[in-house]
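Student: pasting the sequence and the predicted model now:
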Amino acid sequence: MLLISGIYLPLRVGAASQPVTVANAMVKIHPGDVPPSAATSAEIHAAQNEFEAFQLVIAGPATGVSVTAPVLVGPNGSTIPGSEVRLYREAYQNITIASDAEGGTGLWPDALIPDVDEVANEKRNAFPFDVPSGQNRVVWVEVHVPQGQQPGTYQGSLTVTGSGLGTVTVPVTLLVWDFALPSTSSLPSTFGMGWLATCAAHFGTYDACGGDAGVEKMHVLYSRFMLDHRMTSNVIYNGPSNCTGLNCDWSHFDATYGPLFDGTDPNLRLQGAKQTTIL
């Protein structure tokens, strides 16, 4: 949770008195909203093996805006590296019909454009960006506290730069509690996924995806992504095809999918995470 005093008032008037302010992760901030808080620093609390987030609200006019993640330094020189602080530019969906009485129309924050993506760990196009005069843009900041991290208070600073802003430093304080969240959800789940759905979405066709090998690769990538968010995806559609009577060769199946079920996949940020369900 982000400890910031103040109440969110979604009023579309005026400009921010501070060029960069901090908001908690529970509010939707539209491009014309007054920032929900005047806070210029962030304080978050998290367990070991937990993700915790807050938002940076950047007021315009500004061009070429970029954000740099901090290294958080804690007790006895222990650190949480900048690679564990993920940055995303919030993009907007133009809503033309309100979904219900609590909804609305106009630009709503929805997609998160990564600075560095979670799958390939490659640089993406979140930054730099421009902020029109009289509007704001928002950056989602997500901190992952690694498993086994020493408890205590950690501190560091985000850096926001851009023409019209100069260099703005945003202090971040993280209190790491002396317990850990399990990597695997205690509530079993499964989210259905068509056998060819991810390949078709990314590559268009089965052949362009690389055939069966490509399909399995996409299954594993999506399964890893969801396990890092404590969810299980239903990507298992068949076992071995080379069977004689009751004897089947499970070696390929085990090599491909086994680590997802026994918690040994080394590519997961949530170490030891396992699929909870197979259909």
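Tutor: Thanks, I have the structure now. If you're wondering where the values come from, they're calculated on a predicted model, not measured in any experiment.

Student: what's the spacing between Gly162 and Gly204?
Tutor: The gap separating Gly162 from Gly204 is 38 Å, by CB to CB, to the nearest Å. No exception for glycine: its C-beta is placed from N, CA and C like everyone else's.

Student: got it, and Asp254?
Tutor: Distance from Asp254 to Gly204, counting by CB to CB: 30 Å.

Student: among these two, which residue is more densely surrounded?
Tutor: Legend: neighbour count by other CB atoms under 10 Å for Asp254 and Gly204, higher for Asp254 (13 against 10).

Student: helix, strand, or coil at the more buried one?
Tutor: Per DSSP: H, G, I helix; E, B strand; the rest coil, the secondary structure class of Asp254 is helix.

Student: which stretches in the stretch 51-200 of the chain count as helices?
Tutor: Counting by DSSP state H, counting those that start in this stretch, residue ranges of the helices within the stretch 51-200 of the chain are 197-203.

Student: what about the strands in it?
Tutor: 62-68, 72-73, 79-80, 85-95, 106-114, 129-131, 136-145, 152-163, 166-180, 191-192 (DSSP state E, counting those that start in this stretch).

Student: between those strands, which one is closest to Ala47.
Tutor: Smallest distance to Ala47 across the strands of the stretch 51-200 of the chain (CB to CB): 4.9 Å, for strand 166-180.

Student: what pLDDT does Ser5 get?
Tutor: The predicted local distance difference test score for Ser5 is 38.

Student: ok, Thr277 touching Ser189?
Tutor: Yes - contact criterion CB atoms under 8 Å: Thr277 and Ser189 qualify, at 6.5 Å.

Student: what bits of the stretch 101-250 of the chain have low per-residue confidence?
Tutor: Across the stretch 101-250 of the chain, residues meeting the criterion (pLDDT under 70) sit at 237-238.

Student: again, 90 this time
Tutor: Using pLDDT under 90 as the threshold, the predicted model of the stretch 101-250 of the chain has low-confidence ranges 101-104, 118-121, 189-195, 233-250.

Student: list the buried ones in stretch 65-72?
Tutor: Residues of stretch 65-72 classed as buried by neighbour count (16 or more other CB atoms under 10 Å): Val65, Ser66, Val67, Ala69, Pro70, Leu72.

Student: if we can go back for a sec, Serialize the strands of the stretch 51-200 of the chain to TSV and add fields for distance to Ser223.
Tutor: Converted to TSV, those look like this (distance: least, CB to CB, whole Å):
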stretch	distance to Ser223
strand 62-68	30
strand 72-73	30
strand 79-80	26
strand 85-95	20
strand 106-114	19
strand 129-131	32
strand 136-145	19
strand 152-163	31
strand 166-180	23
strand 191-192	10
